[in-house]
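Novice: coordinates only, sequence not included:
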C-alpha cells in the first residue's frame, strides 16, 4: 500500500485533517510570556478531549515555541509538554502525540514522543536538517526526512527514518534521489514517498 507524503505545513497536528489557521489568543493560553500568543485547538473524538497548542514568539518571526495541553470534558487544561517546535501528530490508537521538533530555526536536537499522562521522551537525535515529518502507514507511523551534505562540493542526500507508534525506528535509509521507502506494520507492507534531496538550510 502506497501512502503519499503530506508536506509539513501547519503548526499542529497534520494527521490527514484540515484545520483553521491558529487564532490569536482566545482565552485558554497563559499570557505571562513576552511576544505574540496564538492558540490552536484540535478535537480528538476517540479521546473525548481537545489538544490545545499555545505558541509564543515575536510577531512575524519563525522563532516560535509551543506548549501542548490536553483538555478533557469538564476538566481544566492540563499541560503535557513545553519547548515544542514545528508539527505535532496525534497517534490516536497509541494515545500519544509525536512532536517533530523542527530544527532549522531553534536548533532542537530530537523528535519527542508525548503520552497523555505528560510523560515525554526524546527519540533518536536528528540526522540533519529536518525536511519533512509526515504520518504514513496506518497513520500511527511517522516518516522523518533529513537533508544533509558531506562537503561544500558534494551533492545533498537524505536520511529517512520511519518511527512506529512506540517511538522505535522501523527503518532508516539513505537516499541520493527521490524515491520511496518500504516498511511493514504488524506484517502488512507499506511504502511512502521520499522527496528529492535538497541543500540543507
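Specialist: Arrived safely, thanks for sending. The structure displayed is predicted, hence computed values, not measured ones. Residues are numbered from 1 along each chain as shown.
Novice: For the rest of this, base every contact and every neighbour count on C-alpha atoms.
Specialist: Fine.
Novice: Which of the helices and strands in the chain ranks last by mean pLDDT?
Specialist: The helix or strand of the chain with the lowest confidence, counting by mean pLDDT, DSSP states H and E, is strand 23-24 at a mean of 42.
Novice: Report the central residue of the chain.
Specialist: Relative to the mean C-alpha position of the chain, the nearest C-alpha, by C-alpha atoms, centre = their mean, is the one of residue 100, at 3.0 Å.
Novice: Need the pLDDT of the nearest residue to that one once chain neighbours are set aside.
Specialist: Nearest residue to residue 100, sequence neighbours excluded (C-alpha to C-alpha, 6 or more residues apart in numbering): residue 111, at 4.8 Å. Among the per-residue scores, residue 111 holds a pLDDT of 97.
Novice: ok, now which ones touch residue 111?
Specialist: Shown here is residue 111, whose contacts under the criterion C-alpha atoms under 8 Å, 6 or more residues apart in numbering are 98-101, 122-126.
Novice: One more pass at 6 Å, please.
Specialist: Contacts for residue 111 (C-alpha atoms under 6 Å, 6 or more residues apart in numbering) come out as 99-101, 122-123.
Novice: May I see the residues you listed organised as JSON lines, with distance to residue 66 added?
Specialist: As requested, the contacts of residue 111 are arranged in JSON lines below (distance: C-alpha to C-alpha, whole Å):
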{"residue": "99", "distance to residue 66": "11"}
{"residue": "100", "distance to residue 66": "12"}
{"residue": "101", "distance to residue 66": "10"}
{"residue": "122", "distance to residue 66": "16"}
{"residue": "123", "distance to residue 66": "18"}
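Novice: Pull up the gap between the residue nearest to the centre of the chain and residue 74, please.
Specialist: In this structure, residue 100 and residue 74 are separated by 29 Å, where distance is defined by C-alpha to C-alpha, to the nearest Å.
Novice: try residue 51
Specialist: Distance, residue 51 to residue 74, using C-alpha to C-alpha: 14 Å.
Novice: okay, those two: which has more neighbours?
Specialist: The residue with more neighbours, out of residue 51 and residue 74, is residue 51; 24 against 7, by other C-alpha atoms under 10 Å.
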